[in-house]
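Peer 1: turn this into a structure:
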Amino acid sequence: MMSKKILHIVLFFVLTGSMHAQQLPLYSQYSFNRFAINPAYAGNKNRVEAVLTHRNHMMNFPGAPTTQLFSVTAPWQKKYMGFGLKVMNDNIGVTNHLSVNAAANYFIGFGEGRLSMGLEFGVDQYSVKWDQLEGRDVTDAVTPAGPSSIIVPNGAFGLFYTTESFYAGYSIQNMVGSRLNFQGTVNGTTASQYMHHYINAGGVITLNDKFQVEPFALVKAVYAAPWQLDLGSYIVFKNAYGAGVTFRSGDALAFSAKMEFLEQIYVGYSYEVRINNLSAYTPSSHEIMLGYYYKLLEPARKKIIHPRYYF
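Peer 2: Numbers count the residues shown, from 1 in each chain. Here you go, the predicted model:
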């Protein structure tokens with residue numbers, strides 16, 4: 001199919017040429033798992049938490065991205081620290097990106113709230129099935145004859161501030177900026193990881209003893225690509241059920257819902273409607289999330305505040 005050929009050509013230049021764009025996957029439900037974009041959020045809630053997310057981006061488009069993310073976070077209360085582990089698998093066409101990262105942060109009292117500072121380090125594996133590319137010249141020596149992969153280091157830094165009714169965060173992903181040299185390729189330029197900057201903020205507006213509104217915003221920026229804004233809000237019932245809508249500039253509208261069961265298990269689902277020029281070819285994206293958490297007892301002595309849980 002022509003669309004498949006075009007997608008493979010674009011992927012080839014993204015990986016081996018000088019084209020620059022967003023290199024990390026999008027998430028619709030990042031508000032439910034902020035550790036996905038910010039290592040400073042690990043252990044921010046007073047509980048051990050595991051989250052599994054699966055995302056189908058740009059449905060019905062050949063070679064479209066699919067992403068799986070698994071994360072575990074927990075606080076170390078006596079040391080005012082948080083820890084996290086994150087495993088991400090991202091497939092786009094003939095390419096695969098697997099990353100494993102561990103994070104740690106430290107909490108301090110700051111003003112009326114709490115500030116956490118976090119670092120994350122790990123490794124990324126990039127794989128390309130060159131033999132599945134569709135080219136006009138089957139004897140072209142520019143690309144390898146078979147699949148190849150590389151492993152590079154990676155890291156991230158984050159800040160996260162929270163009070164009883166407000167939070168804000170800033171993080172840098174792809175902080176190491178590793179170069180991606182695939183063995184056997186013949187190319188005059190080398191692809192690199194580029195820093196991704198995330199700024200997010202939100203809060204809680206209590207309407208009554210049952211309902212609250214949680215507005216949020218996220219700005220994403222990466223070198224040589226347009227910055228992107230996510231703007232939305234959730235309405236939450238009894239801190240257990242919620243639904244909301246998100247506007248992502250230049251891309252989509254996302255409708256999300258989340259439900260908690262037994263005060264330990266929750267599920268989330270997001271449906272995106274494309275609002276850009278790709279809507280005629282791939283009108284929607286889907287994302288599902290499953291989470292489990294175990295609440296911890298408050299420490300006997302606290303020298304910093306413990307802000308309310310966000311939905």
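Peer 1: now the strands for the stretch 1-150 of the chain?
Peer 2: 47-56, 66-76, 81-92, 95-110, 113-128, 148-162 (DSSP state E, counting those that start in this stretch).
Peer 1: closest to L253 out of these?
Peer 2: Closest approach to L253 among those (C-beta to C-beta): strand 47-56, 15.9 Å. Yep, even glycine has a C-beta here, placed from its N, CA and C like the rest.
Peer 1: can you add mean neighbour count, distance to I235 and mean pLDDT and give the strands of the stretch 1-150 of the chain back as JSON lines?
Peer 2: As requested, the strands of the stretch 1-150 of the chain are exported to JSON lines (neighbours: other C-beta atoms under 10 Å; distance: least, C-beta to C-beta, whole Å; pLDDT from 0 to 100):
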{"stretch": "strand 47-56", "mean neighbour count": "18", "distance to I235": "22", "mean pLDDT": "95"}
{"stretch": "strand 66-76", "mean neighbour count": "19", "distance to I235": "25", "mean pLDDT": "96"}
{"stretch": "strand 81-92", "mean neighbour count": "20", "distance to I235": "28", "mean pLDDT": "95"}
{"stretch": "strand 95-110", "mean neighbour count": "18", "distance to I235": "29", "mean pLDDT": "95"}
{"stretch": "strand 113-128", "mean neighbour count": "19", "distance to I235": "24", "mean pLDDT": "95"}
{"stretch": "strand 148-162", "mean neighbour count": "19", "distance to I235": "21", "mean pLDDT": "94"}
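Peer 1: mind putting these in CSV, distance to S284 included?
Peer 2: What follows is the strands of the stretch 1-150 of the chain, written out as CSV (distance: least, C-beta to C-beta, whole Å):
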stretch, distance to S284
strand 47-56, 9
strand 66-76, 14
strand 81-92, 18
strand 95-110, 22
strand 113-128, 27
strand 148-162, 30
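Peer 1: quick one: buried residues of stretch 267-279?
Peer 2: G268, Y269, S270, E272, R274 (16 or more other C-beta atoms under 10 Å).
Peer 1: ignore what I typed, I meant stretch 257-269.
Peer 2: Neighbour counts using 16+ other C-beta under 10 Å place K258, E260, Y266, G268, Y269 of stretch 257-269 among the buried residues.
Peer 1: stretch 201-213 now?
Peer 2: G202, G203, V204, Q212.
Peer 1: ok, stretch 218-235 next?
Peer 2: Counting neighbours by 16+ other C-beta under 10 Å, the buried set in stretch 218-235 is L218, V219, K220, V222, Q228, D230, G232, Y234, I235.
Peer 1: pLDDT weak spots in the stretch 101-250 of the chain?
Peer 2: Scanning the stretch 101-250 of the chain for pLDDT under 70 picks out 134-146, 183-190.
Peer 1: switch to 90 and redo it
Peer 2: Residue ranges of the stretch 101-250 of the chain with pLDDT under 90: 111-112, 127-149, 164, 177-193, 223-226, 239, 250.
Peer 1: so what pairs up with I151 in the strands?
Peer 2: Q125 (DSSP bridges).
Peer 1: that one contacts D124, doesn't it?
Peer 2: Yes. The pair I151 / D124 is scored as a contact, 7.1 Å apart, by C-beta atoms under 8 Å.
Peer 1: correct me if wrong: V123 contacts M88.
Peer 2: No. V123 is beyond contact range of M88, at 11.5 Å (criterion: C-beta under 8 Å).
Peer 1: now the common contact residues for these two.
Peer 2: S99, N101 (C-beta atoms under 8 Å, 6 or more residues apart in numbering).
Peer 1: so where do the helices sit in the chain?
Peer 2: 2-16 (DSSP state H).
Peer 1: center of it - which residue?
Peer 2: Taking C-alpha atoms, centre = their mean, the centroid of the chain lies closest to A36, which sits 4.4 Å from it.
Peer 1: what about it, distance to Y80?
Peer 2: 23 Å (C-beta to C-beta, to the nearest Å).
Peer 1: just to revisit the earlier point, pick the one among the buried residues of stretch 267-279 closest to V48.
Peer 2: Looking across these and measuring by C-beta to C-beta, the closest to V48 is G268, at 18.6 Å.
Peer 1: mind checking how far the closest one is from K86?
Peer 2: Where K86 is concerned, G268 sits at a distance of 17 Å (C-beta to C-beta).
Peer 1: give me the beta-bridge partners of the closest residue in space to A74 that isn't next to it in sequence?
Peer 2: Excluding the flanking residues, the one nearest A74 by C-beta to C-beta, 6 or more residues apart in numbering is V48, at 4.3 Å. As for beta bridges, V48 partners with Y294 under DSSP bridges.
Peer 1: what residues are up against V48?
Peer 2: V48 touches V72, T73, A74, Y293, Y294, L296, counting by C-beta under 8 Å, 6+ apart.
Peer 1: which ones are touching the fourth one?
Peer 2: Yep, that's Y293 we're talking about. Applying C-beta under 8 Å, 6+ apart, we find Y293 in contact with K45, R47, V48, E49, A50, Q264, Y266.
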